[in-house]
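Asker: Model the following, please.
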Amino acid sequence: MAQLSETMLTEARIEAQLLTLRRERVEVRSLVRQTVSDLRHFTRIPIELDNTGARIVLDADPALLRQALWNLINNAVRHAGPGATIWVQVSVADETAVVAVTDDGAGMTETDRARLFQPFSSPPGENDGHGTGLGMLVAQRVVTAHGGRLLIDTIDGRGTSILCALPLGHAVENLAPSAVDGAPDEEAS
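Answerer: Numbers count the residues shown, from 1 in each chain. Have a look, this model is predicted:
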């Protein structure tokens with residue numbers, strides 16, 4: 001319930017242009033490990049974590065980045081379907097920290113994918129009363145404000161992968177909606 005309230009409050013602050021990044025050195029592997037650990041307490045769906053390797057440090061707002069990661073992983077948990085497994089992998093490629101959230105669930109239709117970053121949207125029949133339809137929008141805006149991108153690869157009936165790519169450099173961007181609105185950065189593999 002606290003995460004739900006936090007997501008709604010963050011979106012309201014972004015819309016009102018009242019939220020700024022409070023950057024500090026963040027160790028990505030540790031942040032992902034803690035987020036996955038916390039989420040495991042709220043679901044029976046298995047979340048597998050591949051998080052081995054050297055430390056990955058970037059300048060980021062740890063609270064907002066954690067919220068974005070929570071929203072990405074929680075979205076997979078909520079929409080993958082019964083019997084699905086979620087995999088979270090952390091890696092580095094080309095001076096970019098990459099957090100991949102993959103599920104072997106139902107995947108998304110083109111319509112679902114087009115609505116993914118629209119406010120207050122959930123797939124038809126999936127409004128379970130536990131979400132606001134803001135989680136993915138907030139995740140996208142937070143990642144974009146950190147100079148990163150969300151990349152989506154999905155096949156209806158076969159699962160979805162969402163890659164959160166964050167530059168290791170010092171990208172600085174405002175969280176104002178005008179700075180991050182527009183079509184989401186999406187690429188299919």
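
Asker: and the longest helix belonging to the chain, average pLDDT?
Answerer: Criterion DSSP state H: the longest helix present in the chain is helix 62-79. Helix 62-79 carries an average pLDDT of 94.

Asker: Just name whatever secondary elements it is in contact with.
Answerer: helix 2-15, strand 24-27, helix 28-40, strand 86-93, strand 96-103, helix 135-145, strand 159-167 (3 or more Cβ pairs under 8 Å, 6 or more residues apart in numbering; DSSP states H and E). No exception for glycine: its C-beta is placed from N, CA and C like everyone else's.

Asker: from the ones you listed, which stretch is densest packed?
Answerer: helix 135-145 (a mean of 25; mean count of other Cβ atoms under 10 Å).

Asker: can you put the helices and strands packed on helix 62-79 in JSON lines and add mean pLDDT and distance to residue 70?
Answerer: Below are the helices and strands packed on helix 62-79 laid out as JSON lines (pLDDT from 0 to 100; distance: least, Cβ to Cβ, whole Å):
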{"stretch": "helix 2-15", "mean pLDDT": "52", "distance to residue 70": "6"}
{"stretch": "strand 24-27", "mean pLDDT": "96", "distance to residue 70": "14"}
{"stretch": "helix 28-40", "mean pLDDT": "97", "distance to residue 70": "5"}
{"stretch": "strand 86-93", "mean pLDDT": "97", "distance to residue 70": "11"}
{"stretch": "strand 96-103", "mean pLDDT": "97", "distance to residue 70": "11"}
{"stretch": "helix 135-145", "mean pLDDT": "91", "distance to residue 70": "8"}
{"stretch": "strand 159-167", "mean pLDDT": "96", "distance to residue 70": "12"}
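
Asker: For residue 109, which of these is the nearest?
Answerer: Among the helices and strands packed on helix 62-79, the nearest to residue 109 by Cβ to Cβ is strand 159-167 (11.1 Å).

Asker: Same list, the helices and strands packed on helix 62-79, but as a markdown table with distance to residue 111 please.
Answerer: Shown next, in a markdown table, are these (distance: least, Cβ to Cβ, whole Å):
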| stretch | distance to residue 111 |
| --- | --- |
| helix 2-15 | 23 |
| strand 24-27 | 35 |
| helix 28-40 | 27 |
| strand 86-93 | 23 |
| strand 96-103 | 19 |
| helix 135-145 | 15 |
| strand 159-167 | 14 |
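
Asker: Let me know which of these is the nearest to residue 64.
Answerer: Residue 64 lies closest to helix 135-145 among those, at 4.8 Å (Cβ to Cβ).
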